[in-house]
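Undergrad: the amino acid sequence is not available; the structure is as follows:
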């Protein structure tokens, strides 16, 4: 049995194997074990992001993964991954000797087990062990023992006591935290020592005249201050603060007429006026954001509110007990109400022209446009407005104005323009009239110019409404009405005022063509004329200039003879009954007359299948020279009495069969000496 090898390369020899070189192999194994115990190797992993697999050499020394200490070297420009096989079980001391701020991960070659990773800035040493504890997902465990340069903890916690609840940690940059009995008690940052919540610094009572501290003086006593003689921090004199003073809660000035002074020379003051409020001195201003926004009093009896853009008063109701004088533009973003229900007031808007104004007249409840004022719709630039000259109303649209007549017209008249902006009543001509139901009662013409439209539900530009019941009240009972048409187009006589006029094409109904697809449009079926259902009746000739497509099964003609076919004569197609040698039945079956096909009709190269050939029984139809036996299959046995031969009966031209036994009879009959020669010849012929 051959040797096997461990995951680290040591050779496992079987009993009786390697008798001649057992010592050499044993020495190699001892060297590998020596490497595993304390061997050192440097492995370059220089380069961009990549995966490097440590090599294993079965039965030989210097395998990369078979060393206790492995130092990774080289300049790395991307995150690195170093792998070992799944069956490796070993404790490693790993040294990150690379340069470049990228991570180095040490892991098994596959699986979801744990791994160890050097952080991008961690260039220290770690003790890890490969467990090989699972054939698919083995774990590689960080022992937690390591060193980063000069015993740098790299932010890890330093445990100080046996029960692990007192420690020092620096996991936040430039900050040291001291934990005692499981609680964060003290914290060091640059130039500051802080006792955390619940911790105190014990000290002797301070009795010196002046206490000077180069750091923060802090008291955690929470006694509230209700007067000048209590509170956690007290002074019997004044309090001088050279920098900002931040008060976390109320600031109380307990004396009447207390003054808050502002400025190096206290030029601005805010004085407590007992029982009244606060007084800002002189003409000083209370400013907001910048000097353009302020509240002040520029003179006695006047309050000034100044803003460079807007003064916003957000309230449900603003009550002004006096006149409101607004000298600038005003913006009202909500409802303006003048008066109350049943009690109103005049509201008047003056224009730039004398006598032009808009007035809500409270006494008559009317809106009055005085002078030449116009009521514009949308905006003045559009030209749509209403106006009055005092005697007539003018309506304008698109920049064109029409003046309405001052009086009403007669029944069935309509408004007509003279082309100069004047409208007047006119009577419809005899050819055009409207019935009481507002339907056309005389023939009309429609000019449908190009326009943006919304098609009707049936997709039509011009729609003639149906779906109603038309009742014939004229035809007598049991009578017959000759014709009814929902739309009737009658033929006309086309004449010309000049002589010898020729019209190339004239039609009662002309359709120029089917619709074409325009922008953003796809037409699945485009028809110049579409009859959705029902029979179409043409009592005259139908001329089709293009192709005629019939999607149904039948073409019905008044002249219809069974078995007839449409035959073209160079001008027209007509139904013609098939005659001669071929007949076609009404169901389409074609037949060829008897005796029609003669020898001349059969092509000399035509091949007739054997299945189509009948037995030839007529004498003289097969010449003996037409028989070919060279390619026939040999009988493969001796002749027997029952075998058959073809003979020409008495040389009379009639071929019959002959059994081989007859030949024997014939030979025996001719076996006399006189016929010996004949018999010999037959014997030779028959073998």
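TA: That came through fine. Just so it is clear, the structure is predicted and the values come from calculations on it, not from any experiment.

Undergrad: where does the record place the domain boundaries for this structure?
TA: Using automatic domain parsing, the domain ranges for the chain come out as 4-149, 155-199, 261-313, 354-426, 649-686.

Undergrad: need these in TSV with mean neighbour count and mean pLDDT, can you?
TA: Backbone N, C-alpha and C define where each C-beta goes, glycine included. Output for the domains of the chain, formatted as TSV (neighbours: other Cβ atoms under 10 Å; pLDDT from 0 to 100):
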stretch	mean neighbour count	mean pLDDT
domain 4-149	16	87
domain 155-199	13	82
domain 261-313	11	89
domain 354-426	13	83
domain 649-686	12	72
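
Undergrad: TSV for those domains, including distance to residue 547?
TA: Listed next are the domains of the chain as TSV, based on distance: least, Cβ to Cβ, whole Å:
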stretch	distance to residue 547
domain 4-149	69
domain 155-199	88
domain 261-313	76
domain 354-426	49
domain 649-686	66
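
Undergrad: quick one: closest of those domains to residue 218.
TA: domain 155-199 (8.2 Å; Cβ to Cβ).

Undergrad: residue boundaries of the helices in the chain?
TA: According to DSSP state H, the chain carries its helices in the segments 22-38, 660-669, 676-686.

Undergrad: could those helices go into TSV alongside distance to residue 652?
TA: As requested, the helices of the chain are exported to TSV (distance: least, Cβ to Cβ, whole Å):
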stretch	distance to residue 652
helix 22-38	110
helix 660-669	17
helix 676-686	21
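
Undergrad: ok, back up a step: which one of the domains of the chain lies nearest to residue 533?
TA: Taking the domains of the chain one by one with Cβ to Cβ, domain 354-426 is closest: 39.6 Å.

Undergrad: the closest one: how far from the chain's middle?
TA: Averaging C-alpha positions (Cα atoms, centre = their mean, to the nearest Å) puts domain 354-426 54 Å from its chain's average.

Undergrad: ditto for stretch 161-179
TA: Between the centre of stretch 161-179 and the centre of its chain there are 53 Å (Cα atoms, centre = their mean).

Undergrad: please apply the same query to stretch 188-201.
TA: 57 Å.

Undergrad: which other residues reach that stretch?
TA: 174, 175, 176, 178, 183, 184, 185, 186, 187, 215, 216, 220 (Cβ atoms under 8 Å, 6 or more residues apart in numbering).

Undergrad: distance of the closest residue to the fifth one other than its chain neighbours from residue 40?
TA: Spelled out, it's residue 183. Sequence neighbours aside, residue 198 is the residue nearest to residue 183 in space, at 6.8 Å (criterion: Cβ to Cβ, 6 or more residues apart in numbering). The gap separating residue 198 from residue 40 is 51 Å, by Cβ to Cβ, to the nearest Å.

Undergrad: what's the answer for residue 56, then?
TA: From residue 56 to residue 40 the distance is 17 Å (Cβ to Cβ).

Undergrad: cool, and residue 315?
TA: For residue 315, the distance to residue 40 - Cβ to Cβ - is 84 Å.

Undergrad: kindly report the same for residue 413.
TA: In terms of Cβ to Cβ, residue 413 sits 118 Å off from residue 40.

Undergrad: the stretch 501-650 of the chain: strands as residue ranges?
TA: 564-568, 573-577, 582-584, 590-592, 644-648 (DSSP state E, counting those that start in this stretch).

Undergrad: between those, which one is closest to residue 392.
TA: Across these, closest to residue 392 is strand 573-577 (Cβ to Cβ), at 72.9 Å.

Undergrad: give me the distance between the two termini of stretch 641-651.
TA: Chord length of stretch 641-651, first to last residue, is 23 Å (Cα to Cα, to the nearest Å).

Undergrad: please read the previous query as pertaining to stretch 64-84.
TA: Using Cα to Cα, the end-to-end distance of stretch 64-84 comes to 10 Å.

Undergrad: no further questions, thank you.
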